[in-house]
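> below are the sequence and a predicted model for it; my questions follow.
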Amino acid sequence: MIRFKYALCAMLFLCVSVGYAQEEERQGGHENENKFRQLYNEMSTPNSYRTASGAPGHEYYQNEADYKMSIQLDDASQRITGYETITYRNNSPDDLEYLWVQLDQNIRAQDSPAKDKNGGGVGAVSQPGSFVSSYMTEGFDGGFNVNSVTYNGKPLKHTINFTMMRVDMPEVLKSGDSFEFSIQWDYNIPDHTVNRARSGYETYKDGNKGYIIAQFFPRMAVYNDVEGWQNYQFWGNGEFALPFGDYEVDITVPADHLLDGTGEITNLKEVYSKEEYKRWENATKSFNAPVIIRTQAEAEQIAAGNSTKTKTWKLKAKNVRDFAFTSSRRYIMDAQAVRFPERNVMAISIYPPEGNPLWEEYSTKAVVQTLETYSKFTFDYPYPKAISVHAQGQGMEYPMICWNYGRPNEDGTYSDRTKYGMISVIIHEVGHNYFPMIVNSDERQWGWMDEGLDTFMQYLTEQEFGENFPEAIGDNKAYPSRRGAPSRIVNYMKGNQDFISPIMSNPENVYQLGNNAYGKPATALNILRETVMGRELFDHAFKTYAQRWMFKHPTPEDFFRTMEDASAVDLDWYWRGWFYSTESVDIGVKEVKSYYVTDKVTKAGKERLARFGITDPSTIDAVYVVDEDSEDFDPALKGKSMLENSETLKEYLMDNFTPEERAAIKEPKHLYKIVFEKPGGIPMPIIVEYEYADGTKEKVTYPAQIWRKNDSEVSKAIASDKEIVKVTIDPDLETADIDTANNSWPKAKKLGKFEKFKENVKG
Ligand SMILES: [Zn+2]
């Protein structure tokens, strides 16, 4: 009997806000569209190469490509000539009939279809360089000249299709075997300051050139369990997919050039002056400040000459997915050591005088901070060095070396925008060593896997840089990060849906690549860390992903699965909302209603009981709840406590509780129903701040799962001692809510034109 009364009470309370849908007509069926269903349809089936946990499987493999290269840089004609021998190891279980080699420079060939990949007619505005090259010249004569492809000195059959070359081997390459072949090539180096070349030269005001050279050699494509041969053409936006290997590279440049690149220079004593070598040795022991290896005065003096002799720099790199180098007679260089438990790493900056005073001040500091912060969140930086090179308008990454913009005015002054832009791009590009140079995702297919993860890590690093170098950020309280904070992505996410693509898209096919592959995934990860998972669970899972896939080739699923596997947080709904869809976040408070307890049988209560087959309410004990707008509401109920309004409750307590238990019973004075609405498609936790009449505030978070049975509206019953005077959703703007007009109750008054005018007059 007691049990029955209690159960009924609970039932009535819970049912306050839920109306039963009357099934009067037969309805059509539907498929499972619940936003919390698992991503079985979107994700590939786990297998022995890639497990359901997101880790590499017991049969995981990757093929390898080792390179021995001899390169000549002709400064007079801006030309590269090269000869390489590739040893390709087939670790796959499959026999390979042919190999695919990437010829990325062909994107700059005169007949390149990439030049015509976009429609759009005549643009309203364009950069002078792009305008001249589009309309006023024949176009640059770029692209590889492949002079020979040989095997044991004999020609190998090969077929070039745009940026891909198929090499037909004399015999099938069996699983477990390797194949060694050689290619001889040359190409004209483009001016990298036009047409978004990631590699090329720029001409300084004294006529000298600075070279940043990449994609300069025919590179092996990736063959794996996911794509077979990844020979999706290079159209310009989707970057690179490359296998790991060891490199031995000899590069011959004018004798007065300073050169550096991927890997360790094995003949430092031959290529550095005695003084430079001594300074380098000092730099390897300098952990607090950079040591200048070649000063600005020395660089300017050397640049005034023009050596006709050459010098060969020898570099060796182990377990890298690519190789790049820089060379100029106008370079300044500084370096500093960074301590890791196992060994030290050199942080290096190379820049022309055009970069100073900014570069001498901040570049190496930014490199050091990047290595420290990224290593903390992923793994200790495994390479011997990280170089930041200054090149006009560039931001591009390669193993151990990257190109970065950020140039002061000619008189050496610079704006905050230039300074922060430079520090941020250095952090970003050096950070790419982790994603995708070491955690080697397929950039050709998934731009966000490296750009998004890297931009997220960049945000964390910028914040730590701001803490460690307060003098660099001046009056700012924190480093002014351009991307990462939730509020920064709102404009994009509330934009025109015709020009937004899901993050899970190929970078060639998306609108607004910067927001799509950098800003949005970085923000999504930041929100995941701060608001959904919490730092401890997120950081452990993120590190697990990085360490599982270090020196391997992960896919998006490997990332998504690992984040769940290592945290026990089901995130399928989060991946669906943020990564697979273009939905946005918009949660609001729709209504707040006060309720009162009464013993008087109400009309609504009577109807409810009838549903349970109780036609005569007088036969049972029940507590009725009315809201202010109900016809059964009696104003006398207002201002009184629940027990004062209900004898039934009072008796129930007397009958069923001891005096000690009764003393512990709460008697809230207020009962509310708060209705939350969700016009946005992404389910997110509801973060609510309740403000009470006594001025105190309370922040409550309801899990995203609250939306699993109703995707547009949910309500909560709140029993409280204190009167609620204000309700605010997402008070700290942590969810990227695109419309905050519905985020508070009572509704924030919108000022009309006249009120605004009055405010202005007052102000
Ligand atoms: Zn990037």
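Yep, that arrived. Note that the coordinates shown come from a computational prediction; the quantities given were computed from them, not determined experimentally.

> now do the end-to-end distance for stretch 368-385.
One end of stretch 368-385 to the other measures 10 Å (Cα to Cα, to the nearest Å).

> got a list of contacts for that stretch?
Stretch 368-385 is contacted by residues 264, 317, 319-320, 336, 338, 340-343, 345-348, 386, 399-400, 426-427, 430-431, 433-434, 438-439, 457, 460-461, 464-465, 468-469, 539, 542-543, 546-547, 550 when judged by Cβ atoms under 8 Å, 6 or more residues apart in numbering. C-beta: built from backbone N, CA, C; applies to glycine.

> for the closest residue in space to Glu651 that isn't next to it in sequence, give me the pLDDT.
Leaving out its chain neighbours, the residue that sits closest to Glu651 by Cβ to Cβ, 6 or more residues apart in numbering is Asp621, at 7.8 Å. For Asp621, the model assigns a pLDDT of 86.

> surely Asp621 is in contact with Lys650?
No. The pair Asp621 / Lys650 is not scored as a contact, 11.5 Å apart, by Cβ atoms under 8 Å.

> grab the longest helix from this protein for me.
Taking DSSP state H as the criterion, the chain has its longest helix at helix 447-468.

> how close does Lys309 get to Tyr331?
According to Cβ to Cβ, to the nearest Å, Lys309 stands 18 Å off from Tyr331.

> of those two, who's got more company?
Counting neighbours by other Cβ atoms under 10 Å for Lys309 and for Tyr331 shows that Tyr331 has the greater number, 27 against 7.

> so what's the more buried one up against?
Counting by Cβ under 8 Å, 6+ apart, Tyr331 makes contact with Gly210, His257, Leu258, Arg294, Ala299, Ile350, Tyr351, Pro352.

> distance of it relative to Thr455?
From Tyr331 across to Thr455, the span is 29 Å (Cβ to Cβ).

> pLDDT weak spots in the stretch 651-763 of the chain?
Applying pLDDT under 70 to the stretch 651-763 of the chain flags residues 748-763.

> so which residues of it form helices?
Remark: helices assigned in the stretch 651-763 of the chain by DSSP state H, counting those that start in this stretch are 659-664, 753-762.

> quick check: Asn306 is in a strand.
No. Assigned with DSSP: H, G, I helix; E, B strand; the rest coil, Asn306 falls outside any strand and is coil.

> tell me the confidence at it?
According to the predicted model, the pLDDT of Asn306 comes to 91.

> for the record, mean pLDDT for the helix or strand that comes right after the longest helix of the chain?
Under the assignment DSSP states H and E, the closest C-terminal helix or strand after helix 447-468 is helix 470-473. Averaged across helix 470-473, pLDDT comes to 93.

> now helix 470-473: buried residues?
Residues of helix 470-473 classed as buried by neighbour count (16 or more other Cβ atoms under 10 Å): Ala472, Ile473.

> just stretch 659-669 next, same as before
Across stretch 659-669, burial judged by 16+ other Cβ under 10 Å covers no residue at all.

> and it, how far out from the chain's middle?
Distance of stretch 659-669 from the chain centroid (Cα atoms, centre = their mean, to the nearest Å) equals 51 Å.

> ends of it, how far apart?
Distance across stretch 659-669, first residue to last, is 21 Å (Cα to Cα).

> try stretch 285-297
Using Cα to Cα, the distance between the terminal residues of stretch 285-297 is 24 Å.

> how much space between the residue nearest to Ile107 when sequence neighbours are not counted and Phe140?
Nearest non-adjacent residue to Ile107, counting by Cβ to Cβ, 6+ apart: Ala114, 4.8 Å away. According to Cβ to Cβ, Ala114 stands 13 Å off from Phe140.

> what's the answer for Phe240, then?
Distance from Phe240 to Phe140, counting by Cβ to Cβ: 21 Å.

> tell me which of the two has more neighbours.
Phe240 (23 against 18).

> name the SS class of that one, please.
Classification of Phe240 by three-state DSSP places it in coil.

> ok, and for stretch 413-423, which residues are buried?
For stretch 413-423, burial by neighbour count (16+ other Cβ under 10 Å) applies to Tyr414, Thr418, Lys419, Tyr420, Gly421, Met422, Ile423.

> hang on, the earlier thing: and the buried ones among the contacts of stretch 368-385, selectable in ChimeraX?
Applying 16+ other Cβ under 10 Å to the contacts of stretch 368-385, the buried members can be selected in ChimeraX as follows:
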select :264,317,320,336,338,345,346,347,348,386,399,400,426,427,430,431,433,434,438,439,457,460,461,464,465,539,542,543,546
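
> among the contacts of stretch 368-385, which lie within strands?
Glu264, Ala317, Asn319, Val320, Gln336, Val338, Val345, Met346, Ala347, Ile348, Ala386 (DSSP state E).

> a markdown table for these, including pLDDT and distance to Phe131?
Converted to a markdown table, those look like this (pLDDT from 0 to 100; distance: Cβ to Cβ, whole Å):
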| residue | pLDDT | distance to Phe131 |
| --- | --- | --- |
| Glu264 | 98 | 43 |
| Ala317 | 98 | 39 |
| Asn319 | 98 | 43 |
| Val320 | 98 | 38 |
| Gln336 | 98 | 42 |
| Val338 | 98 | 44 |
| Val345 | 98 | 43 |
| Met346 | 98 | 42 |
| Ala347 | 98 | 39 |
| Ile348 | 98 | 36 |
| Ala386 | 98 | 36 |
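
> now for those residues: which two are most distant?
By the measure Cβ to Cβ, these have their two most distant members at Asn319 and Gln336, which lie 24.0 Å apart.

> beyond the helix or strand of the chain with the lowest mean pLDDT, next helix or strand please.
Among the helical and strand segments of the chain, the one scoring lowest on mean pLDDT, DSSP states H and E is helix 2-14, with a mean of 42. Moving toward the C-terminus from helix 2-14, the next helix or strand (DSSP H and E) is strand 64-74.
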